[in-house]
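Engineer: predicted coordinates and the sequence they were generated for:
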Amino acid sequence: MPNGPLSRRRFTGKKAIPGIHELSIWSKPSHCCSVACCSSANRMLPQIELLQSIEGADAKELKEMCPSNCFDIEESGKAVVSRPSTCTMCRECIRHGDWGEKVRLSRVRDHFIFSIESTGAIAPEDLFMRALQVLVDKCGNVVDRLNECLDVSSAQALASTNKEHLSHLTRMSTGR
């Protein structure tokens, strides 16, 4: 898979029903399977900011420049961002001339758009919740492995420090 902006990266998931129930999501596709599988994709929500007021002929040029049709022109002749979610981050609106000083493209870092297709056997919402549960389980496995790797003496020191803090807090709360 070629490297590109994160908002354009495609991820796939598969749910193999026969035998062991296996759910693998957020991994790059490596091969095609003959089992019934569903595809999923995610991307971050694009954010488009107009840094300057764009009016008249410039507004019309900006609207025509965008292949995703993200911009509209108000009745006053001023350009506005009307459909930021349709932006593909192609950068056409900042590529030419001094448009980079007038328009800023970025992504909302905590807003993800998920698209999950299902064959119909399992609802996409259920597939997503199962995938999240698998992710939580895997994170729990990582935490367990890290705890196993901790030195016993440092774990004991941490436990004794926590006991001291707990007894101190107990004394403070009871007033003794």
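Structural biologist: Here it is on my side, so go on.
Engineer: show me where pLDDT drops low in the protein?
Structural biologist: 1-38, 151-176 (pLDDT under 70).
Engineer: show me where it has helices.
Structural biologist: Secondary structure of the chain (DSSP state H): helices at 57-65, 92-95, 124-149, 152-174.
Engineer: same question for the third one: list its buried residues.
Structural biologist: For helix 124-149, a neighbour-count test (16 or more other CB atoms under 10 Å) marks 127-128, 130-131, 134 as buried. All C-beta atoms are positioned from the backbone trio N, CA, C, and that covers glycine.
Engineer: and these as CSV, adding distance to residue 115?
Structural biologist: As requested, those are exported to CSV (distance: CB to CB, whole Å):
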residue, distance to residue 115
127, 12
128, 10
130, 16
131, 13
134, 19
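Engineer: does residue 67 touch residue 87 like I think?
Structural biologist: No - if you go by CB atoms under 8 Å, residue 67 and residue 87 don't touch, sitting 9.9 Å apart.
Engineer: comparing these two, which residue is more hemmed in?
Structural biologist: The neighbour comparison of residue 67 against residue 87 (other CB atoms under 10 Å) goes to residue 87, with 23 against 12.
Engineer: any idea what sits nearest the more buried one, other than its immediate chain neighbours?
Structural biologist: With CB to CB, 6 or more residues apart in numbering as the criterion, residue 87 has its nearest non-adjacent residue at 3.8 Å, and that residue is residue 46.
Engineer: the one you found and residue 89 touch, don't they?
Structural biologist: Yes - using CB under 8 Å, residue 46 makes contact with residue 89 at a distance of 5.8 Å.
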